[in-house]
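> Need a 3D model of the following:
(2 chains)
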Amino acid sequence: MRIKKFLAVVLALAVVFAFASCTKNPGNAENPSDESNSNSASEEGVIKIGSIGPLTGDNAVYGTAVKYGAELAVKEINEAGGINGCKVEFRMEDDVSDAEKAVNAYGVLKDWGMQMLAGTVTSKPCQAVSTYAAEDNMFLLTPSGTSVECLQAGDTLFRVCFSDPAQGTKSADFIAEKGLATKIGIIYNSSDVYSTGIKDTFVEEAAAKNLEVVATEAFTNDSATDFTAQLTNIRSAGAELVFLPIYTAPASLILQQANTMGFAPLFFGCDGLDGILSVENFDASLAEGVMLLTPFVANSTDEATVKFVNAYRANGYEDTYLNQFAADAYDAIYTIKAAAEKAGVTGDMDTAAIGDAMKTAITEVTVSGVTGGSITWNADGEPNKEPRAVKIINGEYQMVE
Amino acid sequence: MKFLSQLISGISLGSIYSLIALGYTMVYGIAKMLNFAHGDVIMIGGYVVYTACVTAGLPAAAGVLIAIVFCTVLGVAIERFAYKPLRSASSLAVLITAIGVSYLLQNVALLIFGSDTKSFSSVVSLEPVSLADGALVISGETIVTIIVSVIIMVALIVFINKTRPGKAMLAVSEDKGAAQLMGINVNGTIALTFAIGSGLAAVAGALLCSAYPALSPYTGAMPGIKAFVAAVFGGIGSIPGAMIGGILLGIIENLSKGYISSQLSDPIVFAVLIIVLLVKPTGLMGKKINEKV
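Numbering: from 1, shown residues only, chains lettered A, B, ... in the order given. Model (predicted):
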């Protein structure tokens, strides 16, 4: 009996405290934002850029790379006097590549006083956050969100990387421009949106560039083991180049089976093939000569890349994260700088006004970055830059000049 | 030449299906249950070989042997803890349990080895046979898989028809109750069936991953289902039927990929299955069973 009474008292107290904390919470939540408002009013000279990406979990390598790339750019910009005389503050929140966590992180960053978003890193969270950013008229520049849906919620949304379908167009452009082949076979995953999207735009652009697609072969997630039938068809159609808009697991099987068959065309892939050399226990000699579309490789000799890589290493960031994502993020911050200078953005402007100013300014600037010599943007948010590709030579990625 | 080449790759895919189907059909024929976890035992077998040969650096034969022992123990354990308590339950309950075990194995592998695909080193060191100036290539894996499948098929038939434990299996498959009355250890016999079936799965895993060297926790799932189809196609419960069903399935799949459409190969395979079952409901080699009324 006594225990019951005691319990009742404890529970009653718990309820009272719960209510108390409930009524307290909104006040707490308001206070810091008041503070941050007054902060940003008092420090007119600060532009706050946020980012969201996976810093933990399976995709942590992407988020961490973006963090380092962006931090490096922010540091350089501040040392050179900031943007329009304003210091830049950068803060990145973890989303573990999860859409819901990304939306929460967006709220946290807004409370902090974020005025522009250089994120998010992965596509699904980007899609979720973009609707909120569009509502707030927040300027969003994703370094690496490739899916088409990332930019559909509003007109303040932009990206640094190519979208998924744009990779198909750019691949065809690259193959035509470098004269790699005229007869092309394709193996794509018909059960995957990414793969099918790239294949469709590739076929369209190939026709425009007088490339002949001699065989289009498909597989599905359920039949991704045996590719000899597809390869046999492609070989008898006389293809010189096989386009693989797919991920590394089926690609490693295709390379192995082509090798067994004694079929050695040029294989060309997109960002899905990036990382084929890090498949555990993979025989790298099978991937010798494989080309893939990617804007960045650390050992490239062009001036912008060398400068970026040296600065990255000089600041003590780890080489593990020196990848396309770091380069994209670095370019994203410099793009924000270029557009903000064009638009005359300062730290005392509010988010929506910055969004309005930036969305026009970004279409008027040309950025010379690490991932492209002269990058321009359309009003729909897509970047325009020269496609670049790497070739695997002696088990290493080499930029194709 | 293109036709021959497509035919050969069909046979090589089919030989893998038949090897897996042998395990399916054996367990079904004797325990009268569909062990949907069979494909995932194959995957586990693949990981054991991978760990033994690539991580620990043991020779291929030792790796396969370790995998056979490991999978045999695993199979018996699965039978003991997941299926035996349901011996008198409805077959539907056992089927659902088998699906549960399948997911359990996939997720355990996911937890231990992660979701990234690992490239398998072939356990077969036979050189590929090259015909007609390299236009036709038969890989060493294909040759070994076919030989191994035939050996296993013959060994199973001899074992079941000639040895005492084999005859006990036949008795259990015909009538569990009567077999028990005759003094046959039914539980022991079913456990033995699972032991053999899972040992075969380890061999199938090693050869599947050698022929298609991409190993992930989902490696066994789809080949498992295709092999199940092959077993039904050939007549489930029939050992030569599994062999023939597997090879035919591989050939049909590859020829439809090569000559009709690579997008439509799966629908075509299943359409053929439906037609066969409409004409011959017990499968190609299935026994005709007279229903007792």
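> Neighbours of residue 229, how many?
You didn't pick a chain, so chain A it is. 26 (other C-beta atoms under 10 Å in any protein chain shown). C-beta coordinates here come from the backbone N, C-alpha and C atoms, glycine included.
> wrong chain, I was asking about chain B
20.
> Show the contacting residues for it.
By C-beta atoms under 8 Å, 6 or more residues apart in numbering or on different chains, B:Val229 lies in contact with B:245, B:249, B:269-270, B:273.
> how about those, which pair is most distant?
Based on C-beta to C-beta, the longest span within the contacts of B:Val229 runs between B:Gly245 and B:Phe270 and measures 13.5 Å.
> Looking at these two, which one has more neighbours?
Remark: of B:Gly245 and B:Phe270, B:Gly245 carries more neighbours, 31 against 11, as counted by other C-beta under 10 Å.
> what about the closest residue to the more buried one other than its chain neighbours, how many residues close to it?
The shortest distance from B:Gly245 to any non-neighbouring residue, by C-beta to C-beta, 6 or more residues apart in numbering or on different chains, is to B:Gly234 (2.5 Å). For B:Gly234, the tally of surrounding residues (other C-beta under 10 Å) stands at 29.
> Could you find the closest non-adjacent residue to the closest residue to chain B within the stretch 301-401 of chain A?
Closest to chain B within the stretch 301-401 of chain A is A:Gly395: 13.9 Å, counting by C-beta to the nearest C-beta. Among residues not flanking A:Gly395 along the chain, A:Ala284 sits closest, at 4.2 Å (C-beta to C-beta, 6+ apart).
> Please apply the same query to A:Phe282.
B:Ser119 (3.9 Å).
> measure the residue nearest the centre of chain A to B:Ser125 for me?
Centroid check for chain A by C-alpha atoms, centre = their mean gives A:Ser144 as the closest residue, at 0.8 Å. A:Ser144 sits 43 Å away from B:Ser125, going by C-beta to C-beta, to the nearest Å.
> Would you map the helices across chain B?
Along chain B, the segments classed as helices by DSSP state H run B:2-31, B:38-50, B:60-78, B:91-113, B:140-162, B:164-174, B:176-181, B:186-211, B:221-234, B:239-259, B:265-279.
> Might you report the residue contacts of B:Met222?
So B:Met222 contacts A:222-223, A:225, B:39 (C-beta under 8 Å, 6+ apart).
> A:Val193 now?
A:Val193 neighbours (C-beta under 8 Å, 6+ apart): A:Asp164.
> Look at it and report its pLDDT.
If you check A:Val193, the pLDDT there is 84.
> Could you pick out the residues of chain A near chain B for me?
Residues of chain A found near chain B (C-beta under 8 Å from any C-beta of the partner chain) are A:58, A:190, A:217-220, A:222-223, A:225-226, A:228-230, A:232-233, A:236, A:248-250, A:252-253, A:256, A:260-262, A:279-283.
> From A:Ala258, how far off is the residue of the stretch 301-401 of chain A closest to chain B?
Note on A:Gly395: its distance to A:Ala258, by C-beta to C-beta, is 18 Å.
> ok, the two, which is more surrounded?
Using other C-beta under 10 Å, the more surrounded residue of A:Gly395 and A:Ala258 is A:Ala258, with 21 against 11.
> Which of the helices or strands spans that one?
helix A:248-261 (DSSP states H and E).
> about what we covered before: just name the most buried of the helices of chain B.
Most buried of these, by mean neighbour count (mean count of other C-beta atoms under 10 Å in any protein chain shown): helix B:38-50, with a mean of 29.
> List the buried residues in the helix or strand harbouring A:Ala332.
Element membership for A:Ala332, per DSSP H and E: helix A:324-343. Buried residues in helix A:324-343, counted by 16 or more other C-beta atoms under 10 Å in any protein chain shown: A:324-340, A:342-343.
> Pretty sure B:Thr219 sits against B:Ala204.
No - counting by C-beta atoms under 8 Å, B:Thr219 sits too far from B:Ala204 to count as a contact (11.2 Å).
> Please identify every residue contacting each of the two.
By C-beta under 8 Å, 6+ apart, the residues touching both B:Thr219 and B:Ala204 are B:Ile42.
> what residue ranges in the stretch 151-293 of chain B score low on pLDDT?
B:288-293 (pLDDT under 70).
> Count the neighbours of A:Phe263 for me.
17.
> Torsion angles phi and psi at it?
phi -100, psi 120 (degrees, to the nearest 10).
> Double-check it against A:Asn233; I have them as touching.
No - under the criterion of C-beta under 8 Å, A:Phe263 is not in contact with A:Asn233, lying 11.1 Å apart.
> Name the nearest residue to B:Ala31, ignoring sequence neighbours.
B:Ala31 sits nearest to B:Ile190 (C-beta to C-beta, 6+ apart), 5.1 Å away.
> Next up, the contacts around that neighbour.
B:30-31, B:79, B:84, B:172.
> out of everything not next to it in sequence, what's closest to residue 102?
No chain specified, so I'll use chain A. Nearest to A:Ala102 is A:Pro125, by C-beta to C-beta, 6+ apart, at 3.3 Å.
> looking at chain B here, not the other one
B:Ala37 (4.4 Å).
> ok, which residues in the stretch 51-200 of chain B are in contact with chain A?
B:54, B:115-121, B:128, B:130, B:134, B:137, B:139.
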